[in-house]
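[1] this one's structure only:
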């Protein structure tokens with residue numbers, strides 16, 4: 001395929017992630033959740049796992065929008081095989097309870113989305129959670145506790161545990 005030909009599968013994925021970014025930027029929890037299948041899941045590094053479109057909408061409304069404003073989410077280098085997609089991202093916002101002296105909170109990561117019938121059925125990501133917490137003005141002792149919890153969660157899967165055994 002030449003560089004000028006569009007890949008329809010990648011276009012579907014790109015449209016999905018751009019729709020997520022637009023919905024967050026406009027603080028539209030309903031539009032955000034509409035990109036997900038009815039029984040989908042969103043695994044958030046800070047707020048936990050949410051299952052179902054209604055719970056994903058609640059996550060955005062009761063957590064994201066309660067804690068922040070002026071969101072910006074940009075995606076780079078999307079890769080999609082027709083079912084699983086990955087994209088690097090930058091996600092930033094202004095915290096409502098400012099501990100940053102006016103600085104924006106920045107998260108840099110990579111998202112993984114599983115897509116069926118043009119809707120997201122599962123979302124999770126990997127991000128620099130320590131950098132995000134530091135940029136949010138979180139005290140160092142809380143950053144360390146969060147990093148320890150995050151690490152414990154990462155090593156919880158069997159495929160990871162295999163790497164940790166001799």
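    Perfect, I can see it now. What you are looking at is a predicted structure, and each value in this text was computed from that prediction instead of being measured.
[2] what does whichever helix or strand residue 89 is part of contact?
    Per DSSP states H and E: residue 89 is located in strand 84-95. Applying C-beta atoms under 8 Å, 6 or more residues apart in numbering, the contact partners of strand 84-95 are 13, 16-17, 64, 67-80, 104-115, 125, 127, 136-137. Bear in mind the C-beta positions are built from the backbone N, C-alpha and C, glycine included.
[3] hmm, who's touching the following helix or strand past it?
    Proceeding N to C from strand 84-95, the next assigned helix or strand is strand 105-116, under DSSP H and E. Strand 105-116 is contacted from outside by 12-13, 16-17, 37, 68, 75, 80, 83-95, 120-129, 131-132, 135-136, using C-beta under 8 Å, 6+ apart.
[4] just stretch 42-55 next, same as before
    33-34, 36-41, 56, 58-59, 63, 122-125, 127, 129, 150.
[5] repeat that with 6 Å
    Identification of contacts with stretch 42-55 by C-beta atoms under 6 Å, 6 or more residues apart in numbering yields 33, 36, 38, 41, 56, 59, 63, 123-124, 127, 129.
[6] which of the residues you listed fall in helices?
    With helices taken from DSSP state H, the overlap with the contacts of stretch 42-55 comprises 33, 56, 59, 129.
[7] now residue 136: closest residue in space, sequence neighbours ignored.
    residue 105 (4.5 Å; C-beta to C-beta, 6 or more residues apart in numbering).
[8] which among the contacts of strand 105-116 count as buried?
    12-13, 16-17, 37, 68, 75, 80, 85-87, 89, 91-93, 95, 120-123, 125, 127, 129, 132, 135-136 (16 or more other C-beta atoms under 10 Å).
[9] what is residue 50 paired to in the beta sheet?
    residue 42 (DSSP bridges).
[10] tally of neighbours for it?
    Residue 50 has 22 neighbouring residues, counting by other C-beta atoms under 10 Å.
[11] drop anything exposed from the contacts of strand 84-95.
    13, 16-17, 64, 68, 71, 73, 75, 78, 80, 105-107, 109, 111, 113, 115, 125, 127, 136.
[12] tell me the angle the helix ranked longest in the chain makes with strand 84-95.
    Counting by DSSP H, the longest helix found in the chain is helix 8-25. Counting by axes from the mean of the first three to the mean of the last three C-alpha atoms, to 10 degrees, helix 8-25 lies at 20 degrees to strand 84-95.
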